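In: requesting a structural model of the entry that follows:
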Amino acid sequence: MELLSDMRDADVRAAVLVEGTSDVLAVRAVAERRGLDLEGLRVALVPMGGATNARRHVELFGPGGRGIRLAGLYDAAQEPVLRGALAGLGPPSGPGLAGLEALGFFGCTPDLEHELIRALGIPGVIQVIAAEGELASLRLLQRQPAQRNRTPADQLHRFLGACSGRKARYAWLLAGALEPDQVPRPLARLVDHVLAILGGR
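Out: Residues are numbered from 1 along each chain as shown. You can find the predicted model right below:
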C-alpha cells in the first residue's frame, strides 16, 4: 500500500488525504481497475485518522510544509472541518461539497459506504457478501428488531460497520467489483484530479 511513510519525500508527487483505511482501499481499488499504479505514479495515500486531523496533515504536507500537491476524499458531514483545514490552499470556488472540488477534495454523500452501496446496487452488494461467506450473518442482522424497518441500504451500511475490519475489507471488495461507469462520482473525480495534477499521466 502506497502510504506516505513508505515513500521518501523526494519521490512523492501528490498525496491523497483520506479519513481512514477504508478510503485508502477504495481509492486504490478504483485506481487499479483503471490500470493505474499509484505507487509507480508516486502518489501517496494518507489515512488521517479522521477528518478532524485534516488541518494538521495539510500543514504538514501542503504548501507550508513539505510542498506536496494535495487531494482528498471525505464524508459530507465533515465539510465544515475540511473548509477550515484547507483555507491555506486558497478559497473554495463556492458553497457545499462542490465548492471544495476545485481544491481537489471530494465529498461522499453521506459517506463512502453509502456511495459504494448505491453504485453497486443492493443485489450487487449482497452478491459480494455472499461470495465472502457472510450472507447468513447479514440475514441475522436484518432480522434484528432494530433493523427490520430500516431500508435495505441502511441495513447493508450497518452490516459493513458491524465488525472490526469489515468496513475496510468491503471497501476494497465493493470498489473492486465496480465497472468503470459505476464508480461513484467522488471517487471517479478524485482519481481524475490526481491524474490532472500529475500532468495527465
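In: where along the chain do the strands fall?
Out: Residue ranges of the strands in the chain, as given by DSSP state E, are 14-18, 43-47, 69-75, 105-108.
In: tell me what the last one is packed against?
Out: Using 3 or more C-beta pairs under 8 Å, 6 or more residues apart in numbering; DSSP states H and E as the contact test, the elements touching strand 105-108 are strand 69-75, helix 79-85, helix 96-101, helix 185-197. No exception for glycine: its C-beta is placed from N, CA and C like everyone else's.
In: chain center to it, what's the gap?
Out: Offset of strand 105-108 from its chain centre (C-alpha atoms, centre = their mean, to the nearest Å): 8 Å.
In: from now on call the first residue 28
Out: Sure thing, new numbering starts at 28, so read that last one as strand 132-135.
In: all helices for this structure, in order.
Out: Using DSSP state H, the helices found in the chain span residues 48-60, 81-88, 106-112, 123-128, 139-147, 149-158, 162-169, 179-187, 193-204, 212-224.
In: could I get the shortest one in PDB with only the CA atoms?
Out: Only the C-alpha atoms of helix 123-128 are listed here, as PDB (Å, rounded to 0.1, in the frame of the first residue of the first chain):
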ATOM      1  CA  GLY A 123     -21.300  23.000  -0.500                       C
ATOM      2  CA  LEU A 124     -19.300  20.000  -1.400                       C
ATOM      3  CA  ALA A 125     -18.800  21.100  -5.000                       C
ATOM      4  CA  GLY A 126     -17.100  24.200  -3.700                       C
ATOM      5  CA  LEU A 127     -14.200  22.200  -2.400                       C
ATOM      6  CA  GLU A 128     -13.700  20.200  -5.600                       C
END
